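Peer 1: A predicted structure for the sequence below; I have some questions about it.
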Amino acid sequence: MKQYSNRMVIIHWLTLLLLIVAWYFGHELDEARHEAGATLAGYIAHSLVGGTLLLLTVLRLYFRSKDGTPPAMGDTLIDKVAKGVHHGLYGLLLLVPVSGMMTIITSDVSKALQAGDATLLPKKFTGVPAHDVHEVLVTVLIVVTVVHLLGAIWHQFIIKDGLIGRMSFIRKD
């Protein structure tokens, strides 16, 4: 096996796209909340994207177990770091949506959604530890994603070993 399965490739790139959308929605929601302009639709959209990311991550782990993965490129320290980065990404892609769900459940957002009343939305998340955890995990996810991206760029343009081709639809077999 030289490449990831097509369904793994689809999930990989869809995850990246949805991460960007989730971050954008979350950022806009945070800005709107500070200006007292947050909407129920904003929370719903952000939550749906986060929930979809959680589902895709679970599917990805399932498909990974069924389809397998290409062998590691090497056994150096940097290859071990790359493996750790990947495991970290999987963990974060599970934890970030869960912490988002916990934020909704443990804050006034759930009351606002149940009542269908945006005036009940919180202006601040004071006393909601899940929100603090969510924000920290999002920041860590961004950093780990950038490290992952830099590693891919390093492989593609510095080492030139074709690693990015393993996550491509163009089959080399």
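Peer 2: Noted; the coordinates are in hand.
Peer 1: okay, now the unreliable bits of this protein?
Peer 2: 173 (pLDDT under 70).
Peer 1: check the gap between the nearest residue to residue 44 once chain neighbours are set aside and residue 63 for me.
Peer 2: Excluding the flanking residues, the one nearest residue 44 by CB to CB, 6 or more residues apart in numbering is residue 113, at 7.4 Å. Where you see a C-beta, it was placed from the backbone N, CA and C, and this is true even at glycine. Distance, residue 113 to residue 63, using CB to CB, to the nearest Å: 32 Å.
Peer 1: three-state assignment of residue 75?
Peer 2: Using DSSP: H, G, I helix; E, B strand; the rest coil, the structure places residue 75 in coil.
Peer 1: which outside residues touch the helix or strand hosting the residue nearest to residue 44?
Peer 2: Counting by DSSP states H and E, the element that carries residue 113 is helix 108-115. Helix 108-115 has contacts (CB atoms under 8 Å, 6 or more residues apart in numbering) with 40, 43-44, 103-104, 118-122.
Peer 1: distance to residue 159 and secondary structure for these - can I get that in JSON lines?
Peer 2: Output for the contacts of helix 108-115, formatted as JSON lines (distance: CB to CB, whole Å; DSSP: H, G, I helix; E, B strand; the rest coil):
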{"residue": "40", "distance to residue 159": "48", "secondary structure": "helix"}
{"residue": "43", "distance to residue 159": "43", "secondary structure": "helix"}
{"residue": "44", "distance to residue 159": "44", "secondary structure": "helix"}
{"residue": "103", "distance to residue 159": "40", "secondary structure": "helix"}
{"residue": "104", "distance to residue 159": "43", "secondary structure": "helix"}
{"residue": "118", "distance to residue 159": "51", "secondary structure": "helix"}
{"residue": "119", "distance to residue 159": "56", "secondary structure": "helix"}
{"residue": "120", "distance to residue 159": "54", "secondary structure": "helix"}
{"residue": "121", "distance to residue 159": "49", "secondary structure": "coil"}
{"residue": "122", "distance to residue 159": "48", "secondary structure": "coil"}
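Peer 1: cool, thanks, talk later.
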